[in-house]
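>>> Below are the sequence and a predicted model; questions follow.
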Amino acid sequence: MHRFSVWAPRVKSISVCVNKVLHSLIQGEHGWWSVNVNDAEHGADYAFMLDDDVQPYPDPRSAWQPFGVHGSSRVLDHSCFGWTDSNWCAVPLTEAIIYELHVGTFTQEGTFAAAATKLRELKELRITHVELMPVNSFHGKWGWGYDGAALYAPQETYGGPEELKRLVDACHANGLAVLLDVVYNHFGPVGNYTGRFGPYITQNHHTPWGGAVNLEGYGSTEVRRFFCDNALMWLRDYHFDGLRLDAIQTFIDRSAIHFLEQLATEVSDLSHQLGRSLVLIAESDLNDPRVVTPRKEPSEKLECIGGYGMDAQWSDDFHHALFALLTGTRRTYYSDFGSLPQLVKALTSVYVFDGIYSGYRGRIHGRPVGNLDAHRFLGYIQNHDQVGNSPFSERLHALAGLRKAKLAAALVLTAPFVPMLFQGEEWAACSPFLYFAHHDDPELARSVSEGRRREHADDGEWDEIPDPVSEESFNRSKLIWDERTEPEHAKMLQWYQSLVQFRKTHLSELSRRIDNSQIVYDESASWVAITRGAICLCLNFGDAPVCMPAKEVRELLLASDSDIRLESDSVALPPTSFAAVST
């Protein structure tokens, strides 16, 4: 027997078609309808019929969409899967090294099963957390996953629910925690039928994708329940160790209890029930420390009004400051960045814009982080957005050269933040990561192509911008793993391995407090020296060699260039190089 339940306050009657037999649902409270069907078991296909509409609709909470986002749903019994990770315990974020990947391009096959065959390489790199870009069902044969339509169902072309569970189970068997990128700020333009059932979207507020998710208006209690239950499902039924929340700045919620606070509370409760740590990581450009401020002080017995309670957030200011300095890029939001003092501020204060004027935004932006620890923030030089949203989606080494890419990697992996790498970064992969999205509708496909070209009209000829709806864009973005053995790629991989080893050996015990790093720099000579405990990190961003003053230097621990030398009172660095020394 299976109980079919659906929230549909907008309809007058509803039935479910199971194995070609119709069953009427009974109306309950607050817009919920339900019915028990005795012969519906794991694997049974079903769809809802609403009022007099002859079109069958998939379940908004469908856990399995074997026929794509327009097809019937399928009953999924999560208890059927045999997990082997009962003793699993994830490494805490304070010790994490995160690796972001897109299942469809991580391997040539583009499946959960194929991704599982590459876990040994990630383990050898000493990655601790794998972060999957969205795997919820989306329309089309390929896409980034951020245009999800069936948010509870894993993408069938990747392998569906069981293969996703096998991947997570395999990650845990290899000592890798798994994070999932989820999108709760909009639905995709094709295959989303939630509006036929209820007010999931409101036109009172708008986002870059249209109307905003209804988090505060009529019916919002059940809309919030839809997204909170989705989060709990991934963590409980698929054993994910945490979630990354996409673009939370587009949440519009003036409720007394913000949606993020509600979600953090419920995930914390689930963590206690399961007896394992669960984390929430936000993507936010608000520069608002309340996002990662705890909901209450641990010593307080009574709940107090605090922050939203996210465990960490992506730190775009650090990325922008480093990227603009290395590449000279000044387009769009990079127009606010580009100086060495800004990079130093990002390292010491997290937010470059912490209550100061932003020319790009045309207003004062952000506020100081206060005494928050560095592990509340992720540091990176490449991710899916920063690579894929550029005009030609080149990786850093293609834009700035291998020496600058090595220098950037050194700073990311020695900074106090939680480091995050993007797939293939560790060997300077030749594959770009283009924006790609498949659409059957010719008009929608044309709109997506022209929109992408208009977005980057100032960056090249119209016809030069890669077409996002072309299968070529998808295929070009796939990693070529055989590159790793080629000389230049192998050298870069060895450099990343050395940096990760150095971080774990020499920096893991140092305080994660941001203000415990002492930094001196020379803007005119383009060098920075960062002292963390007994370690001094020396970085030359300039095109000329420098001799950085240093006292009591004992040993050269790691160097990006064989020409780096220790002098009696200085460290001699060739152009664009890095050295770590003990003092």
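Done, it's in. Numbering: from 1, shown residues only.
>>> who's in contact with Gly366?
Gly366 is in contact with Leu286, Asn287, Asp288, Tyr351, Phe353, Asp354, Gly355, Ile356, counting by C-beta atoms under 8 Å, 6 or more residues apart in numbering. Every C-beta, even on glycine, is put in place using the N, C-alpha and C of the backbone.
>>> do you know how far it is from Phe240?
Per C-beta to C-beta, to the nearest Å, Gly366 is found 31 Å from Phe240.
>>> sorry, back to before: tell me the buried residues within the contacts of Gly366.
The neighbour count (16 or more other C-beta atoms under 10 Å) marks Asn287, Asp288, Tyr351, Phe353, Asp354 as buried among the contacts of Gly366.
>>> In TSV, list those residues along with distance to Gly424.
Compiled in TSV, the buried ones among the contacts of Gly366 are given as follows (distance: C-beta to C-beta, whole Å):
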residue	distance to Gly424
Asn287	29
Asp288	32
Tyr351	29
Phe353	30
Asp354	33
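>>> Quick check: the two most widely separated of those residues?
Asp288 and Phe353 (11.0 Å; C-beta to C-beta).
>>> correct me, but Ser526 touches Pro545?
No: taking C-beta atoms under 8 Å as the definition, Ser526 is not a contact partner of Pro545, at 11.1 Å.
>>> what about the two, which has more around it?
The residue with more neighbours, out of Ser526 and Pro545, is Ser526; 18 against 14, by other C-beta atoms under 10 Å.
>>> what's the distance between the more buried one and Thr332?
Ser526 is 24 Å from Thr332, by C-beta to C-beta.
>>> same question, Gly275
45 Å.
>>> more crowded one of these two?
The neighbour count for Gly275 versus Thr332, taken as other C-beta under 10 Å, is higher for Thr332 (15 against 7).
>>> how near is the closest residue to Phe422 other than its chain neighbours to Pro487?
Leaving aside its sequence neighbours, Phe422 sits nearest to Gln382 (C-beta to C-beta, 6 or more residues apart in numbering; 4.2 Å). Taking C-beta to C-beta as the measure, Gln382 falls 22 Å from Pro487.
>>> Now for Leu25, how many residues are close by?
Neighbour count of Leu25, defined by other C-beta under 10 Å: 20.
>>> circling back to that earlier point, with distance to Leu539 and pLDDT as extra columns, can I get the contacts of Gly366 in CSV?
Shown next, in CSV, are these (distance: C-beta to C-beta, whole Å; pLDDT from 0 to 100):
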residue, distance to Leu539, pLDDT
Leu286, 29, 96
Asn287, 25, 97
Asp288, 29, 97
Tyr351, 21, 97
Phe353, 23, 98
Asp354, 23, 97
Gly355, 27, 98
Ile356, 25, 98
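>>> Endpoint to endpoint, stretch 245-258 covers what distance?
For stretch 245-258, the first-to-last residue distance is 15 Å (C-alpha to C-alpha, to the nearest Å).
>>> Oops, could you answer that again for stretch 48-68 instead?
Terminal-residue distance, stretch 48-68 (C-alpha to C-alpha): 16 Å.
>>> Distance from it to the middle of the chain?
Here stretch 48-68 is found 29 Å from its chain centre; the criterion is C-alpha atoms, centre = their mean, to the nearest Å.
>>> ok, now stretch 149-157?
Distance, stretch centre to chain centre, for stretch 149-157: 18 Å (C-alpha atoms, centre = their mean).
>>> And the strands in the stretch 451-583 of the chain, which stretches?
Taking DSSP state E, counting those that start in this stretch to define them, one finds strands in the stretch 451-583 of the chain at 518-522, 527-532, 535-540, 546-549, 555-559, 565-566, 570-573, 577-582.
>>> Out of the ones you listed, which is closest to Ala116?
strand 555-559 (32.2 Å).
>>> From the contact counts, what lies against that closest one?
helix 487-502, strand 577-582 (3 or more C-beta pairs under 8 Å, 6 or more residues apart in numbering; DSSP states H and E).
>>> Out of those, which gets nearest to His205?
Nearest of those to His205, taken as C-beta to C-beta: helix 487-502 at 42.2 Å.
>>> quick one: Gly140 from Arg224, how far?
29 Å.
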